[in-house]
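Chemist: What follows is a predicted protein model with its sequence.
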Amino acid sequence: MVYVRGNPDDYNRWAAQGNPGWSYEEVLPYFLKSEDANIPLSDPNYHGTGGYQSTESFYTTELGNAFIQAGQELGYPLTDYNSPQQIGFSPFQATTRFGRRASTATSFLQPVLNRENLDVLTGARVTRILIDPHTNRAYGVEYNRNDKKMTVRANKEVILCAGALQSPHLLMLSGVGPKEQLVKHGIKTLQDLPVGQTLYDHVAVFNFVFSTNVSMPSLPDLFNYDELLRWYKTGQGPLSAPISSEAVAFLKSNHPNPLDGTSPDFEIVFVRQSLISDNGAVGRRILRIKQEYYQKMYGPLEGMPSISMIPILLHPKSVGCMKLKSADPYDDPLFYANYFSDPENYDIRIMIEAIRFMLRLTETEAFRKYDIRLISDPVLGCEHLEYNSDEYWYCALQFLAGSAYHQTSTCKMGPKHDEKAVVNHELKVYGVGNLRVIDNSVIPVTLAAHTNAPAILIGEVGSDMVKKDWGVL
């Protein structure tokens with residue numbers, strides 16, 4: 001539900017790589033078109049009203065406000081990060097309405113379900129795109145529903161929007177992808193393309209625990225009559241803030257940035273809870289921390305008032321990939337994120353700088369008031385290293401870092417001469433007629449954004465491209 005578009009420089013790099021129509025100036029009207037903003041602390045020139053997609057500010061507690069004040073103490077502005085001035089501190093913006101989730105399904109699809117030219121099938125799993133091997137043109141899809149194999153035909157074109165993890169999977173199952181992998185699994189190659197050969201993801205650390213002298217109610221404690229009634233009647237209060245996140249900082253590092261622009265290098269997310277707030281019931285499982293490791297590392301801290309800050313790397317140099325596991329559509333493919341694999345160690349150096357920035361925040365007056373301190377027990381496996389040295393954090397990140405769930409670029413957009421490109425700037429798959437990919441898998445560059453807002457943008461731009469091609473626009 002976090003709504004972050006990204007930096008103007010990100011979109012200008014996107015266009016500069018040979019993708020006309022995707023510069024910041026060209027995509028901004030689409031962001032404004034989508035939006036129905038209710039964000040008090042925002043630049044009205046960069047937000048729209050009356051669109052299908054509601055956006056609101058997150059609820060912030062006194063600790064969330066202290067995070068923003070700490071940033072201002074260090075000289076950073078209070079900013080609207082969805083304006084061109086992204087660097088600074090801000091309450092989060094979310095795709096919610098009246099404190100409730102406003103997904104793209106409820107925002108865009110539900111209002112038009114009664115259209116005669118729209119059918120929505122739920123409980124259906126697409127297994128293959130149907131492509132004529134003689135003409136290399138897509139003519140439908142195959143899917144399973146109620147244990148029955150079925151097909152649906154397309155009069156004009158097939159649009160694939162299964163996301164950055166499943167769109168490349170479906171292309172490869174349909175004979176579009178790296179020939180070597182398709183042959184290995186007995187799939188006839190209809191078009192040899194670098195599907196899944198580029199995978200970007202933001203690296204994050206979710207399990208830093210900071211002690212505080214303020215006891216925040218745990219999530220179960222919030223589900224009481226008063227808070228539920230407050231949320232139901234006003235759309236306000238802590239229950240309106242997804243996963244207890246409240247505020248964010250987008251920041252540039254002191255390291256030489258090869259992008260050399262205004263796009264930030266990392267972000268810090270403020271969360272009013274921490275990994276220990278639920279005594280390992282949910283967070284530990286989501287992060288796939290083994291029970292034994294959790295008990296040794298975090299068990300003794302349970303019951304302590306705590307908050308968390310999450311550093312996230314925005315422009316990784318490390319590039320991952322996807323490979324088929326088998327030709328079975330129900331057999332999940334293999335994803336290799338390759339975190340911290342860049343030969344210059346750029347990614348890990350930026351993450352270490354982000355950690356040191358969090359420690360600077362704890363030294364501000366705004367944070368001292370609440371006695372916010374990082375729990376400094378050594379990370380298990382790194383006890384032999386000097387605490388807080390670069391070598392220590394290099395070791396710790398091998399244990400702590402994981403996915404921010406912002407995967408992109410597996411069906412990368414680019415001009416025909418781009419050896420990594422799968423689709424062109426109109427989202428059409430190279431070498432396959434009547435087939436487009438319209439989702440985050442087409443994003444060709446790293447973005448200083450969570451992937452919710454870019455996905456909405458790509459849908460808006462892609463729909464206009466389809467309408468233009470068929471004489472509707």
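Modeler: Cool, got the structure.
Chemist: can you give me the helices in the protein?
Modeler: 8-16, 24-34, 62-73, 104, 163-173, 179-184, 219-222, 225-234, 283-286, 291-297, 346-361, 365-368, 390-400, 452-469 (DSSP state H).
Chemist: from the ones you listed, which stretch is densest packed?
Modeler: Of all these, helix 163-173 has the most neighbours on average by mean count of other Cβ atoms under 10 Å, namely a mean of 23. No exception for glycine: its C-beta is placed from N, CA and C like everyone else's.
Chemist: Give me the contacts around that helix.
Modeler: By Cβ atoms under 8 Å, 6 or more residues apart in numbering, the list of residues contacting helix 163-173 from outside reads 126-129, 160-162, 177-178, 181-182, 187, 193, 195-196, 199, 322, 324, 327, 329, 333, 335, 407-411, 422, 429, 437, 439-441, 443, 451.
Chemist: okay, the angle between it and helix 452-469?
Modeler: Relative orientation of helix 163-173 versus helix 452-469 (axes from the mean of the first three to the mean of the last three Cα atoms, to 10 degrees): 50 degrees.
Chemist: Give me the distance from helix 163-173 to the chain's centre.
Modeler: Averaged C-alpha coordinates place helix 163-173 at 17 Å from its chain's average position (Cα atoms, centre = their mean, to the nearest Å).
Chemist: now stretch 142-154
Modeler: 30 Å.
Chemist: In contact with the residue most central in space within the chain, which residues?
Modeler: Closest to where the C-alpha atoms of the chain average out (Cα atoms, centre = their mean) is His406, at 3.0 Å. His406 makes contacts with Asp201, His202, Ala449, His450, Thr451, as judged by Cβ under 8 Å, 6+ apart.
Chemist: how about 7 Å then?
Modeler: Contacts for His406 (Cβ atoms under 7 Å, 6 or more residues apart in numbering) come out as Asp201, His202, His450, Thr451.
Chemist: cool, Trp231 as well?
Modeler: Trp231 neighbours (Cβ under 7 Å, 6+ apart): Gly99, Gly237, Leu239, Ser240.
Chemist: Next: Val379.
Modeler: Ala396, Phe399, Leu400.
Chemist: Against Glu353, how distant is it?
Modeler: Per Cβ to Cβ, to the nearest Å, Val379 is found 18 Å from Glu353.
Chemist: same question, Gly71
Modeler: As judged by Cβ to Cβ, Gly71 and Glu353 stand 16 Å apart.
Chemist: and the residue lying closest to Asn279 once chain neighbours are set aside, how many neighbours?
Modeler: Leaving aside its chain neighbours, Asn279 sits nearest to Glu302 (5.1 Å; criterion: Cβ to Cβ, 6 or more residues apart in numbering). Using other Cβ atoms under 10 Å, Glu302 is surrounded by 15 other residues.
Chemist: again with Pro77
Modeler: Using other Cβ under 10 Å, Pro77 has 12 neighbouring residues.
Chemist: same check, this time on Arg288
Modeler: The burial count for Arg288: 7, using other Cβ under 10 Å.
Chemist: give the contact list for it.
Modeler: Arg288 touches nothing, counting by Cβ under 7 Å, 6+ apart.
Chemist: With Ala354 as the reference, measure out to it.
Modeler: Taken as Cβ to Cβ, the span from Arg288 to Ala354 is 22 Å.
Chemist: same thing with Gln191?
Modeler: Here the distance between Gln191 and Ala354 works out to 41 Å (Cβ to Cβ).
Chemist: do His315 as well
Modeler: To Ala354, His315 is 12 Å away according to Cβ to Cβ.
Chemist: Check Lys156 too.
Modeler: Taken as Cβ to Cβ, the span from Lys156 to Ala354 is 47 Å.
Chemist: try Ala16
Modeler: Counting by Cβ to Cβ, the gap between Ala16 and Ala354 amounts to 27 Å.
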